[in-house]
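Asker: kindly return the folded structure for what I paste below:
(one chain, ligands or ions: 1)
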Amino acid sequence: MSDFAELHYNGEIIKLPVVEGTENEKALDISKLRGQSGLITIDPGYKNTGSTRSAITFLDGEKGILRYRGYPIEQLAEKSTFLEVAYLIIFGKLPNKAELEEWTDDITHHTLIHEDFKVLLEGFPSNAHPMGVISSLVTSLTAFYPESLDPSSSPDEVRTSIVRLMAKLPTIAAWAYKNEIGQPLMYPKNNLDYCGNFLNMMFSTPAEPYSADPVVTNALTKLLILHAEHEQNCSTSTVRIVGSSHASLYASVSAGMNALWGPLHGGANQAVIEMLEAIKADGGDADKYLAKAKDKNDPFRLMGFGHRVYKNFDPRARIIKKAADDVLGKLGVSDPILDIAKKLEESALADPYFVERKLYPNVDFYSGIIYRALGIPTNMFTVMFAMGRLPGWVGQWKEMRENGEPIGRPRQVYTGENERNYVDMSNR
Ligand code: SDX
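Answerer: Below is the predicted model:
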């Protein structure tokens, strides 16, 4: 196998080195292409372009493989905890007992947020989408921790920023929800674990404490693990490029949250439920909506279907689909939209349009059905995705900074007007 490719252009032969990863992925190194040939490449949506070398996640879209630091997602979802997986993604190894205890203790004791956050929260109208609220409040962490603004400071300072963000996001998310529904804010409790603490802040009131069913906390743990990292997706690439300007971790993650919010990305889990509800309200005719999804003149897309990388099943969707049956069964919840979702999947996977385009259910197709069964409101689904993805954003930002990667600044091909002279108003 050759370790370079030759580009023949304008009578020149340009040798481009081939880079090979530890899983035998290969890439053309074009970092010197413009200097060698005057050419740049162009690849809208970066469908064929690698932005970096990373040691965090390996996924194989054809084989439906997903591993965090080499560990298969199926094993982590079955055996690990969210904080243990977060440590693995961020620091590169499974923590030993002492490391996990220290990590858990650090996070437990940073869950409080400054009382002035209440003033910020009160400024939002009750109909504010919680994604807009949490991305704003995460950015405002830079105001409360100005020392975090300089990410090139000591590794200890970086670790403190990481701990603060991991610890405070559940509080910020739960307070955004309470503010939206007009209920009193609930404070973190140090005797609860990560998921139990979040659920308590979400669903307890001063009048009535919420006691989380282990089925619920286990399901939430599994969902957070399955969402924790996914290499160079849209929101993670956003975190990396914002962080490449040496913006703080908080500013970079807030930018990633806003990228995740889009319905083509993490916002899809909310859009899936809204789609399934619409199909149910319209009589539950799955085939009618499949026809709409195939109609190029109809803007309707089958939300929760398709993926840039997975051209076979999304391994996370498989696990979540099974968990949906398990959780709803254990909670004694029957949700008609789960049946509609299964019918849609069955019909789509037998339809040439979807088969030819290799469109399968992705991570967002079934996740909302579980969130709903756990009592989480639809407009908080993408917030749940953000909470899950936080370790991935943090780990990728940390890797990018530690590798001293340059500021991200893509080139372009200009297609506008050629040079022309200014025209006075009287001649326009
Ligand atoms: C996530 O990258 C990641 O890793 C993301 C993520 C993560 O963990 O970070 O996995 C999370 O974002 C999952 C994706 C959630 N989004 C959705 O469910 C929204 C619906 N899906 C699509 O919009 C779409 O499939 C994307 C955005 C996910 C992928 O888009 P691509 O790779 O740019 O593919 P495309 O839009 O070019 O589509 C290729 C063809 C087109 O048809 P043709 O022009 O070839 O005839 O497939 C069609 C599209 O029209 N198509 C769909 C479809 N998705 C693609 N047609 C109907 N319904 C769909 N859902």
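Asker: which ones are touching Glu23?
Answerer: 58, 60 (Cβ atoms under 8 Å, 6 or more residues apart in numbering). Quick note: C-beta positions are derived from backbone N, CA and C, even for glycine.
Asker: what's the separation between Ser334 and the ligand?
Answerer: Distance, Ser334 to the ligand, by Cβ to the nearest ligand atom, to the nearest Å: 25 Å.
Asker: check the offset of stretch 197-211 from the chain's centre.
Answerer: Put simply, stretch 197-211 sits 26 Å off its chain's centre (Cα atoms, centre = their mean, to the nearest Å).
Asker: give the buried residues for it.
Answerer: Buried residues in stretch 197-211, defined by neighbour count with 16 or more other Cβ atoms under 10 Å: 197-204, 210.
Asker: return the residues in contact with the closest residue to Glu147 other than its chain neighbours.
Answerer: Leaving aside its sequence neighbours, Glu147 sits nearest to Glu157 (Cβ to Cβ, 6 or more residues apart in numbering; 6.5 Å). Glu157 makes contacts with 147-148, 150, as judged by Cβ under 8 Å, 6+ apart.
Asker: buried only: go through these for me.
Answerer: Buried among the contacts of Glu157 by 16+ other Cβ under 10 Å: Ser148.
Asker: so which of the contacts of Glu157 are also by the ligand?
Answerer: Counting by Cβ under 6 Å from any ligand atom, the subset of the contacts of Glu157 that neighbours the ligand is empty.
Asker: out of the contacts of Glu157, who's nearest Tyr360?
Answerer: Ser148 (40.0 Å; Cβ to Cβ).
Asker: how many neighbours does the residue lying closest to the closest one once chain neighbours are set aside have?
Answerer: Counting by Cβ to Cβ, 6+ apart, Ser148 lies nearest to Ser161, which is 4.5 Å off, once chain neighbours are set aside. When neighbours are counted by other Cβ atoms under 10 Å, Ser161 registers 25.
Asker: hang on, the earlier thing: secondary structure and pLDDT added to the buried residues of stretch 197-211, as JSON lines?
Answerer: Listed next are those as JSON lines, based on DSSP: H, G, I helix; E, B strand; the rest coil; pLDDT from 0 to 100:
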{"residue": "Asn197", "secondary structure": "helix", "pLDDT": "97"}
{"residue": "Phe198", "secondary structure": "helix", "pLDDT": "98"}
{"residue": "Leu199", "secondary structure": "helix", "pLDDT": "97"}
{"residue": "Asn200", "secondary structure": "helix", "pLDDT": "98"}
{"residue": "Met201", "secondary structure": "helix", "pLDDT": "98"}
{"residue": "Met202", "secondary structure": "helix", "pLDDT": "98"}
{"residue": "Phe203", "secondary structure": "helix", "pLDDT": "97"}
{"residue": "Ser204", "secondary structure": "coil", "pLDDT": "98"}
{"residue": "Tyr210", "secondary structure": "coil", "pLDDT": "96"}
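Asker: ok, which of the residues you listed also contact the ligand?
Answerer: Applying Cβ under 6 Å from any ligand atom to those, none is adjacent to the ligand.
Asker: which other helices and strands contact the host helix or strand of Ala323?
Answerer: Assigned by DSSP states H and E, Ala323 falls within helix 315-331. Helices and strands touching helix 315-331, by 3 or more Cβ pairs under 8 Å, 6 or more residues apart in numbering; DSSP states H and E, are strand 65-68, helix 73-79, helix 214-226, helix 336-348, helix 363-373.
Asker: nearest to His114, of these?
Answerer: Nearest of the helices and strands packed on helix 315-331 (Cβ to Cβ): helix 214-226, 24.9 Å.
Asker: alright, calling it a day.
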